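S.K.: Fold the following and give me the result.
(one chain, ligands or ions: 1)
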Amino acid sequence: MAYVVRALPVNKNFRAFAVECKDVVETVRKIQGLSPVASAALGRALAGVALLSADLKTGKILLQINGGGPLGEILAEGNYQGDLRGTVRNPNVYLKIKNKKLPVGEAVGKNGFISVVKDLGLKEVYQSSIKLISGEIAEDLAYYLTVSEQIPSAVSLGVLVNTDGSILAAGGFLIQKLPEAQDKEIAELEEKLKNFPLITTLLSQNKTPEEILEMLFSNIKILEKRELRYKCTCSKERVENMLIALGEKELEDFIKKKESVEVTCHFCRTKYTIPLERIKELLKELKEIKGG
Ligand SMILES: [Zn+2]
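M.R.: Numbers count the residues shown, from 1 in each chain. Predicted coordinates for the structure are as follows:
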């Protein structure tokens, strides 16, 4: 079972989060036919957004990464219920392994931006972005949080892909400094992180998120453990709303061509067919909205 934990290290001025999401990444790999490097990149983004959304009480967070590399844009979304979904523009990018590692940074690229969109169901959606520094995602996310949100953060994300392409391990952790943190405890944590094993090593040894945080802080209080799953929010109604949003002219073009409209969801690959008769109805609705 994939899950994320939110914890407070006892007697330390930090917030800590850790995630294990192998099943979620394996699910998206199968749905989208991801190559190993695409699995690794999207898996890291999904683990990252799971960490960011771990303390949401409502709404959702979208992580967008566009580094100009061969994978193209990566999207990962998480909500307050632990539903995750994500997609990568070019899922069939194959790059050679370098130093026993999938070259995620090269596949993502670093000529672009990482953006975080927070939709808490309020009137305004909060969005902020910052230039990518490495395309490795964890580093970029830490830089984003530290600079853009002004919360000094350490992030580790990792995905281990088997030779047959299946996912062996996926997850990560996020440590955030509270304003009261003392220089001494910050230095101690930095020293610990410097010599800390790779997240993929720990996860493939079946270390749990709780155990990984205990290795970092020896004593932690778990505030919440939240189950995670791959779940898309698309529906026929949303597809129809999207068609209406295209406008009258587009709908009239579909009707002229006498074609039903096929839309495939990028996240779950569900195919929606909207028949011609329904498009005519949607056009009528749109005209009524405008007229009224
Ligand atoms: Zn979908």
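
S.K.: Which parts of the lowest-mean-pLDDT helix or strand in the chain count as buried, going by neighbours?
M.R.: Lowest by mean pLDDT, DSSP states H and E among the helices and strands of the chain is helix 276-291, with a mean of 88. For helix 276-291, the neighbour count (16 or more other CB atoms under 10 Å) marks 279, 282, 283, 286 as buried. Bear in mind the C-beta positions are built from the backbone N, C-alpha and C, glycine included.

S.K.: so what's the backbone phi/psi at the closest residue to residue 52 other than its chain neighbours?
M.R.: Residue nearest to residue 52 in three dimensions, not counting chain neighbours: residue 61, with 5.1 Å by CB to CB, 6 or more residues apart in numbering. The phi and psi values for residue 61, taken as degrees, to the nearest 10, are phi -130, psi 130.

S.K.: swap in residue 85?
M.R.: According to degrees, to the nearest 10, residue 85 has phi -150, psi 160.

S.K.: Mind listing the residues bridging to it?
M.R.: residue 77 (DSSP bridges).

S.K.: Tell me where the protein has helices.
M.R.: If DSSP state H is used as the criterion, the helices of the chain fall at 22-32, 36-52, 104-108, 138-143, 183-194, 199-204, 209-217, 236-246, 248-256, 276-291.

S.K.: Quick one: those helices as TSV, columns for distance to residue 66 too.
M.R.: Shown next, in TSV, are the helices of the chain (distance: least, CB to CB, whole Å):
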stretch	distance to residue 66
helix 22-32	18
helix 36-52	11
helix 104-108	9
helix 138-143	11
helix 183-194	28
helix 199-204	24
helix 209-217	29
helix 236-246	21
helix 248-256	26
helix 276-291	31
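
S.K.: Reformat these as CSV; add distance to the ion.
M.R.: Output for the helices of the chain, formatted as CSV (distance: least, CB to the ion, whole Å):
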stretch, distance to the ion
helix 22-32, 9
helix 36-52, 15
helix 104-108, 23
helix 138-143, 25
helix 183-194, 37
helix 199-204, 27
helix 209-217, 27
helix 236-246, 9
helix 248-256, 21
helix 276-291, 19
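
S.K.: just these: most buried one?
M.R.: Among the helices of the chain, helix 36-52 has the highest mean neighbour count (mean count of other CB atoms under 10 Å), at a mean of 29.

S.K.: Averaged pLDDT, that one. What do you get?
M.R.: Averaged across helix 36-52, pLDDT comes to 98.

S.K.: residues in contact with the nearest residue to residue 90 once chain neighbours are set aside?
M.R.: Distances taken as CB to CB, 6+ apart put residue 72 closest to residue 90, at 4.7 Å, once the chain neighbours are dropped. Residues near residue 72 by CB atoms under 8 Å, 6 or more residues apart in numbering: 66, 88, 89, 90.

S.K.: Which ones among these also lie next to the ion?
M.R.: With CB under 5 Å from the ion as the criterion, these include none near the ion.

S.K.: filter these to the buried ones?
M.R.: When those are checked against 16+ other CB under 10 Å, the ones flagged as buried are 66, 88.

S.K.: Closest to the ion out of the contacts of residue 72?
M.R.: residue 88 (14.6 Å; CB to the ion).

S.K.: contacting residues around that closest one?
M.R.: Residue 88 is in contact with 32, 34, 38, 41, 42, 71, 72, 73, 74, 75, counting by CB under 8 Å, 6+ apart.

S.K.: Local confidence estimate at residue 10?
M.R.: 95.

S.K.: surely it meets residue 214?
M.R.: No: between residue 10 and residue 214 there is no contact under CB atoms under 8 Å: 10.6 Å.

S.K.: Need the residues touching each of those two.
M.R.: residue 220.

S.K.: Relative to residue 5, which of the contacts of residue 72 is nearest.
M.R.: residue 88 (26.6 Å; CB to CB).

S.K.: And the residue nearest to residue 90, what's its pLDDT?
M.R.: 98.

S.K.: For stretch 281-292, C-alpha coordinates in PDB please.
M.R.: As requested, the backbone C-alpha atoms of stretch 281-292 are provided in PDB (Å, rounded to 0.1, in the frame of the first residue of the first chain):
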ATOM      1  CA  GLU A 281     -27.000  19.900 -27.900                       C
ATOM      2  CA  LEU A 282     -23.900  21.400 -26.400                       C
ATOM      3  CA  LEU A 283     -23.900  24.200 -29.100                       C
ATOM      4  CA  LYS A 284     -27.500  24.900 -28.200                       C
ATOM      5  CA  GLU A 285     -26.600  25.100 -24.500                       C
ATOM      6  CA  LEU A 286     -23.700  27.400 -25.300                       C
ATOM      7  CA  LYS A 287     -25.900  29.700 -27.300                       C
ATOM      8  CA  GLU A 288     -28.500  29.800 -24.500                       C
ATOM      9  CA  ILE A 289     -25.800  30.700 -22.000                       C
ATOM     10  CA  LYS A 290     -24.600  33.500 -24.200                       C
ATOM     11  CA  GLY A 291     -28.100  34.700 -25.000                       C
ATOM     12  CA  GLY A 292     -29.200  34.600 -21.400                       C
END
